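Q: My questions are about this predicted structure, shown below with the sequence.
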Protein chains: 8
Amino acid sequence: MTTAEATKLLEKFRARGVSRAKVLQAFQAAPAVDLGFAQVDTHRALRKGFPEVIFGEGKTPAQVLKITQKLLQREQRVLITRVSPDHARMLRKRNKYAVHHQLARCVTIDKQPLPKRAGTIAVVCAGTSDLPVAEEASVTAEIMGNRVLRIADVGVAGLHRLLGRVAELQSANVLIVVAGMEGALPSVVAGLVSKPVIAVPSSVGYGASFGGLAALLAMLNSCASGVTVVNIDNGFGAGYAASQINALASAE
Amino acid sequence: MTTAEATKLLEKFRARGVSRAKVLQAFQAAPAVDLGFAQVDTHRALRKGFPEVIFGEGKTPAQVLKITQKLLQREQRVLITRVSPDHARMLRKRNKYAVHHQLARCVTIDKQPLPKRAGTIAVVCAGTSDLPVAEEASVTAEIMGNRVLRIADVGVAGLHRLLGRVAELQSANVLIVVAGMEGALPSVVAGLVSKPVIAVPSSVGYGASFGGLAALLAMLNSCASGVTVVNIDNGFGAGYAASQINALASAE
Amino acid sequence: MTTAEATKLLEKFRARGVSRAKVLQAFQAAPAVDLGFAQVDTHRALRKGFPEVIFGEGKTPAQVLKITQKLLQREQRVLITRVSPDHARMLRKRNKYAVHHQLARCVTIDKQPLPKRAGTIAVVCAGTSDLPVAEEASVTAEIMGNRVLRIADVGVAGLHRLLGRVAELQSANVLIVVAGMEGALPSVVAGLVSKPVIAVPSSVGYGASFGGLAALLAMLNSCASGVTVVNIDNGFGAGYAASQINALASAE
Amino acid sequence: MTTAEATKLLEKFRARGVSRAKVLQAFQAAPAVDLGFAQVDTHRALRKGFPEVIFGEGKTPAQVLKITQKLLQREQRVLITRVSPDHARMLRKRNKYAVHHQLARCVTIDKQPLPKRAGTIAVVCAGTSDLPVAEEASVTAEIMGNRVLRIADVGVAGLHRLLGRVAELQSANVLIVVAGMEGALPSVVAGLVSKPVIAVPSSVGYGASFGGLAALLAMLNSCASGVTVVNIDNGFGAGYAASQINALASAE
Amino acid sequence: MTTAEATKLLEKFRARGVSRAKVLQAFQAAPAVDLGFAQVDTHRALRKGFPEVIFGEGKTPAQVLKITQKLLQREQRVLITRVSPDHARMLRKRNKYAVHHQLARCVTIDKQPLPKRAGTIAVVCAGTSDLPVAEEASVTAEIMGNRVLRIADVGVAGLHRLLGRVAELQSANVLIVVAGMEGALPSVVAGLVSKPVIAVPSSVGYGASFGGLAALLAMLNSCASGVTVVNIDNGFGAGYAASQINALASAE
Amino acid sequence: MTTAEATKLLEKFRARGVSRAKVLQAFQAAPAVDLGFAQVDTHRALRKGFPEVIFGEGKTPAQVLKITQKLLQREQRVLITRVSPDHARMLRKRNKYAVHHQLARCVTIDKQPLPKRAGTIAVVCAGTSDLPVAEEASVTAEIMGNRVLRIADVGVAGLHRLLGRVAELQSANVLIVVAGMEGALPSVVAGLVSKPVIAVPSSVGYGASFGGLAALLAMLNSCASGVTVVNIDNGFGAGYAASQINALASAE
Amino acid sequence: MTTAEATKLLEKFRARGVSRAKVLQAFQAAPAVDLGFAQVDTHRALRKGFPEVIFGEGKTPAQVLKITQKLLQREQRVLITRVSPDHARMLRKRNKYAVHHQLARCVTIDKQPLPKRAGTIAVVCAGTSDLPVAEEASVTAEIMGNRVLRIADVGVAGLHRLLGRVAELQSANVLIVVAGMEGALPSVVAGLVSKPVIAVPSSVGYGASFGGLAALLAMLNSCASGVTVVNIDNGFGAGYAASQINALASAE
Amino acid sequence: MTTAEATKLLEKFRARGVSRAKVLQAFQAAPAVDLGFAQVDTHRALRKGFPEVIFGEGKTPAQVLKITQKLLQREQRVLITRVSPDHARMLRKRNKYAVHHQLARCVTIDKQPLPKRAGTIAVVCAGTSDLPVAEEASVTAEIMGNRVLRIADVGVAGLHRLLGRVAELQSANVLIVVAGMEGALPSVVAGLVSKPVIAVPSSVGYGASFGGLAALLAMLNSCASGVTVVNIDNGFGAGYAASQINALASAE
């Protein structure tokens, strides 16, 4: 039942063309989705400015393009994650706003970039092999209107490099820490700051890393308070949650 | 090297009672901890008001009491988690501020409760058996100066109860969602709100729940954006991280 | 918004005491739960006659009694699963309809037993150690209005005993097959009948049975078509699903 | 021993051309398979109309063709699952009834489609990446003579889309719910309907989804009654079991 | 120290050309390997006629050829398992006795086949996809001098086919039973015979078969006495152990 | 249909008191179990002398006693495994033949011990903590009529003790090797003998032994040919299989 | 054949009381164990001073006492690990040298303590709950003649405490680092020193620590070079290996 | 703050150009990294001669070359592990010192080889398929200045070959033992020597070896004292730790 239809029904009721019981029944029987949709719409409105996201992996370039174009009819910006070079090529050929973030394996299309929030999100990683996941997090956070401070190459086995950047770490509102192998970095970072830390296990490693399981378990068992965890290699998820937190901090 | 000692050294240097090389060496050799401590102290200051936490499990009542009393010499409040009835009895006998939160298996001692922040933390759970974990999160959040909104008995298999509380869910700055069994509740809640959701898998269940593993994996794989996860049954960790986020939101 | 309130609103609208916009808004803003509840109520009505179920494990006898009595104010029958002898004793002392099914670890309270459906549910198990799970399934199916045919001691290592009961197996509308150890029985049974088979892995076994995991995996990998699986030791779940299927078969 | 042979033996016995002991021995020694076959034949007859199924994966197109043609000598219809494009090409070139269901990765050959049963099987899935599994279930159910209602894109993170289709969900006799990632959809659906729900974990996901394990465990631990589970990605198994249940419902 | 050297030493001792202490020391210091070798040699002699085995996987055709030719300088027969078509081509081109067992992925080179033992080894499998593993077992057993009875396509979901071959099963001295998926066949077979059953889990399957783990666990938990298990897909190991048992039975 | 009944039917047929069709139908309709039973009976006869076995764990002393007495009405001997002291006390009080094997956690009741077979079964274990499993294997093998050679305390970390008993190891027809921890002993032993080795992983160990999983995996991956494996701690299963092999070797 | 016997044999040979062939045969036929023993004896001699170790868990106090006393007939010192208070009481009552190390759950009996080696073994742990494992390592290292430097309460979440003790860490020849939870400490320590680090995962933790598995995996995946790992909670093993390394360093 | 800057500051202070408070503050505020760096530098100096290591896997040849050349500006030697043939070709073309160790999958560039230490590191492996891991360990140890003794083809299933090399094993200061499959070799070797043994599980195997997990667990559960473990296939890690230990032994 659309608003138009509901209007018509109410007028008919007032004009005594339909019984009260019928009206009540109509509203009660109204598919939850209509009311729900309204609710969701409001909700959507609250989230305005957040990009729609397309997971590129396992889709053909043509499929990705089609979904992207449909979304762009009503959205100012779209984020496409886990893209192949073919995806990127197709999107850039067809859309002048398309930017290919190679390391992050993302394409962003942002017709009207959001103004940046006040606070900063730090994205920290240890090794160069964690960079793709860290970059996915950074690109996600940026398109959602956040300033991102990238801090790379600060593994726990060389503490001095990490300690040298404590001030920067402490300046962020929220920190995303990506680590593979033994996954210790989030615990160490969380011990140095008072802000929330989102840990992202990466699947980097071999042998008993079991595709990131070792790092995942380590992060879940962090001895430092204030650490929460997302799925293995889920840079997007970390960037999204960090943006939500930063939005709170920025008094929106 | 304390500040007093450093002062003395510098004066001696100016008075030419000690060579420049010696002074430089002294500062360079200064145990990192001294400088570090300063750093940490500042850091501590920033975290002021956060309770010290004692993990009671596996400690004798006497041990817990001793640690508690030591902490209370310099802290206004202490949180003791995973307490047995014996722990609680001993603590209450010896400290008039001690409150035993039975369901949460916590004791709090708060000589001067913190003023409450503006925003709210919602603590949501599905079944009555998730309540102990949810309460541990709530008690943690409360002693850290947060208002907590408890929403229980809203499992995914009875959506109407959950939907009936959407407005309350949406009013919170950050949500803690505890669930055992299939661990689906955080995904559903995160789809209804625009704020960060911290998922806590509980070990409630039997058979192939494998002590909370099923719920943990489900939460890590949440299809809803904005969900981060803490360890199984780690209500304290969720409460702590939520408080950090709420503190940000409350513009501290 | 209750029906009474909605009625009042509509009459006020007809009497022009409130604008159409306000009415529309009220209905759209109506907490989903109200409409949802109606929906659920209808839904409930459809499920009428199905017992309410209480999971006894981890609750005190007093708690179980309290929940039971509350349910009995509006229900004709209650099933309490995973009861201890203490639960049973308390319930039987306080309710004359309470029956303790020792092997099944259940108590049933059925003030007005449902008439039995036409079709039969067969509950099959191999060893005596699977009996508690099989009985939980049987008791569940029976209180939900089904005839149950119990077939025990027909393991795959002694096929003749199983083959001797093929006619009985084939007479059932739906079959519940409980097995621990290698979990092979459901595959063999499903090869002998044309009706749906619900497999229940039991935690019976030792060593590499890993608490029922071996049987669970075997059942999920069944080479026989028509086998679906429930959680380890979940006799209740199997009985419930079987009853749903038998209800369909009995043209309700 | 065929019936013809048995007849001959009995006549010879009556004509005293063979001793009673020999006859008894012959019948007792008759390979179980002969009698068994009779039994199975009857059994087969009961299952008439059910398609033979060929698992294409790991077989060459030539092998699949050969098995298919052999089956078609005595069957009206054949279902070939997990086909490659090469399988499909070969089969379509050689059989005019062959239909390639690309998304479902199936070929059906149905010389004389079965009349449709009265009831409906709903096949529900959340994301587009679950579609191949959902379609395998749908194609299986359809060739077995069932009407299928496809409901896609109704994930738990966007409840309104799901709630908008509750009436359709409730209209089905049995529901197949496919979900990857956190596997929460079956629990939510089962809470909205009173009919049996067959949950199919899909291997869609990454990181800690461990190839569908996360969804599988979630479904086995469903808090909603009436959910049974099949193997990861086993659309065929779900379609087959659902057809068995719908056949019961349709009073066959 | 060879026998010749020891002889020389002893004579020198008797001739007082060397002290007793030196002789004692020499014998005590004699590398264990010399004495050990003798022991092993005897041991080897007992195993005479057993084929040397080369695991082809991961070796180049040239490497396999080289090892093969070296072995054939002192052996009458060689078994090469897990060969690629390239391995087979190379071996057949260079050795007229080389036979490629395609299904078994083996090449055998047997210059002088062993006489066959009296007893029989039955190699049983359920589906056509288990055939490669079953054939590896068969080829191994045959080159070691055993008669092999192949029984295929007798899965537990179609018992009549299995029951029709009970007499054959019971005629074997030892049975190798290969099964993937739920791995139930060894339990059923072991219930029908009184001879040792060697179960081989195959990696055939998908989803929660986890590469043969489901079948492996099922077989380890077999409810039938007399079942032992080898590694997943280890047809060679089963054939070898079965040959050892059959050799015992044949009174060698 | 018993033999007597079949005889009667055939005579009636010959006397033309019943039609041929009826006779054929009777034989074809004969419940599989009857013929099956005959088959199994013959089969039973072959296994005569093998003890019936009762798994004591999880049964009350009264239950065990009852089953034991029933079995003793038709059997000369019974083996009860995994008994508690209470089981043993009860059985010894009520049966003069009952012997409690404390270490093996077994009771044997053997009214007429079987004559010993010619060959020997060696039961080898490394540590004293593997003894209970080894003894369960030994007691099983002994009651089934085998001579058992016990070789304890020969772990792989002290090779000299193992090497000192090579001759004894080589004298056995079949060897049972029990090992916990790293489970290496079966590989080493199998390299020293030419007879079948049955490996039994024991649950002895701590930390990453995961209840015997480490040893189980090691044994399945043995680099020595001729090793087969039974379930963790399954001494009975190993003893049973070894007895079957030894029976073959002893030309029964 | 003992040395005495070999001497006699050789003299007899020189006196021509026995043939050369007999002598050769005697030496060759000498059970490997004898020569092996000699070999082991030499080997033993090299290890002199190393304590014999008894694993107390699962043994009665009487059994432990008996083994202890037997060992003390030929050893100067004995280490008994995993003792209960009962073990300790019994041992102390019966042996005046017995010392009960409560935290380490060890008893040492050292009649003549070894002189201490020059170098130091550092035993580092993060939390008080890791202390029992750390103490087991320390007590083991001490009784083997090493100086032990205990460094506790230096977790990675409070780096300043760790950094404050860098000089001490760097002074050790070898470091044992015990950690539960996320197991990050060994990586951090190994990055600060140039000496070998032996990591010991402790089973301390809850939820997804899975009894120490999380820490174990983290340590195996350490990003710092020079880290090796022992079993979960295996303080003894770490102490033993560290002593071996320190012995090397101390030029023994 | 560099030393130069600190010097300047102190002189300014003495010259009263800056207050004492300012100087104190400057030293206290000095980024930890500066002091830390000094510390690390000293530390670096201690480790001098140790090669820098590049993990080649997942990097392009150009990337590897670039990092290599940068390192060679300040280092005498570089080790690149896990190289592809393309990596090797590129490096050898551009650097005359580059040596490609094919089996070890390493390239070493050593402009001025370190003098060899006195002691020896033994690198032991069982099968030819473990050779790549063993060679990675050997090449690592060699470039770090150690003599390496390679002992291959000494699996536990053929003890005589191992026993024949006991003297060589005992001559080493530290032993690296690589094993796949059941991973038993380190336990056996550690029982024969008194020096530290570093066990390396290799991923060689199939079926239930689960990519080296079986060997890893076996090694962690070794019954022999003195065994520590590194990650699956981590030859580099073993070589590095062994070099650290050998350096200690060689009194550096």
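A: Structure's in. What do you need? Numbers count the residues shown, from 1 in each chain, chains lettered A, B, ... in the order given.

Q: Would you mind giving both backbone torsions of A:C223?
A: Phi and psi for A:C223, reported as degrees, to the nearest 10, are phi -80, psi -10.

Q: what does the stretch 51-200 of chain A have sitting close to chain B?
A: Proximity of the stretch 51-200 of chain A to chain B, by CB under 8 Å from any CB of the partner chain, involves residues A:53, A:119, A:166, A:170, A:173-174, A:192-196, A:198. Any C-beta I mention is one placed from the backbone N, CA and C, and that applies to glycine too.

Q: Could you give the residue of the stretch 1-150 of chain A that lies closest to chain F?
A: A:A126 (25.9 Å; CB to the nearest CB).

Q: quick one, what contacts the closest residue to chain E within the stretch 1-150 of chain A?
A: Closest to chain E within the stretch 1-150 of chain A is A:G58: 17.7 Å, counting by CB to the nearest CB. Shown in contact with A:G58 (CB atoms under 8 Å, 6 or more residues apart in numbering or on different chains): D:S129.

Q: quick one: it is in a helix?
A: No. Counting by DSSP: H, G, I helix; E, B strand; the rest coil, A:G58 is not found in a helix; it is coil.

Q: Could you check how far it is from chain G?
A: Separation of A:G58 from chain G (CB to the nearest CB, to the nearest Å): 29 Å.

Q: So that residue versus D:S203, what's the distance?
A: 11 Å (CB to CB, to the nearest Å).

Q: what are the phi and psi angles of the residue of the stretch 1-150 of chain A closest to chain E?
A: According to degrees, to the nearest 10, A:G58 has phi 80, psi 0.

Q: And the pLDDT at it?
A: A:G58 is assigned a predicted lDDT (pLDDT) of 80.

Q: Isn't A:A172 up against A:I121?
A: Yes. Between A:A172 and A:I121 there is a contact under CB atoms under 8 Å: 6.1 Å.

Q: And these two? Which one has more around it.
A: Each of A:A172 and A:I121 has its neighbours counted (other CB atoms under 10 Å in any protein chain shown); A:I121 has more, 30 against 25.

Q: Per-residue pLDDT of that one, please?
A: Confidence score, pLDDT, at A:I121: 97.

Q: where does it land in three-state SS?
A: From three-state DSSP, the assignment for A:I121 is strand.

Q: Look up which residues are beta-bridged to it.
A: A:V148, A:V174 (DSSP bridges).

Q: Could you check how far it is from A:G145?
A: Per CB to CB, A:I121 is found 10 Å from A:G145.

Q: which residues are common contacts for the two?
A: Both A:I121 and A:G145 are in contact with A:S243, where contact means CB under 8 Å, 6+ apart.

Q: Residue numbers of the stretch 101-250 of chain A in contact with chain D?
A: Residues of the stretch 101-250 of chain A lying near chain D (CB under 8 Å from any CB): A:201, A:203, A:212-213, A:216, A:231-234.

Q: Need the buried ones from these selected in PyMOL.
A: Buried residues among these (16 or more other CB atoms under 10 Å in any protein chain shown), as a PyMOL selection:
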select buried, chain A and resi 201+203+212+213+216+231+232+233+234
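
Q: a markdown table please, covering the residues of the stretch 101-250 of chain A next to chain D and showing pLDDT.
A: Below are those laid out as a markdown table (pLDDT from 0 to 100):
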| residue | pLDDT |
| --- | --- |
| A:P201 | 95 |
| A:S203 | 91 |
| A:G212 | 91 |
| A:L213 | 92 |
| A:L216 | 94 |
| A:N231 | 95 |
| A:I232 | 95 |
| A:D233 | 95 |
| A:N234 | 95 |
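
Q: Reformat the residues of the stretch 101-250 of chain A next to chain D as TSV; add secondary structure and distance to H:Q63.
A: TSV is the format used below for those (DSSP: H, G, I helix; E, B strand; the rest coil; distance: CB to CB, whole Å):
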residue	secondary structure	distance to H:Q63
A:P201	strand	24
A:S203	coil	20
A:G212	helix	23
A:L213	helix	27
A:L216	helix	27
A:N231	coil	28
A:I232	coil	24
A:D233	coil	21
A:N234	coil	26
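
Q: Chain neighbours aside, what residue packs nearest to A:G145?
A: Among residues not flanking A:G145 along the chain, A:L114 sits closest, at 3.5 Å (CB to CB, 6 or more residues apart in numbering or on different chains).

Q: Just say helix, strand or coil for that neighbour.
A: Of the three states, A:L114 takes coil according to three-state DSSP.

Q: burial of it, as a residue count?
A: 17.

Q: for it, phi and psi?
A: phi -70, psi 150.

Q: Am I right that it is in contact with A:R147?
A: No. Using CB under 8 Å, A:L114 is not in contact with A:R147, being 11.3 Å away.

Q: And the next helix or strand past the helix or strand of chain A with the lowest mean pLDDT?
A: Lowest by mean pLDDT, DSSP states H and E among the helices and strands of chain A is helix A:32-47, with a mean of 33. Moving toward the C-terminus from helix A:32-47, the next helix or strand (DSSP states H and E) is strand A:52-55.
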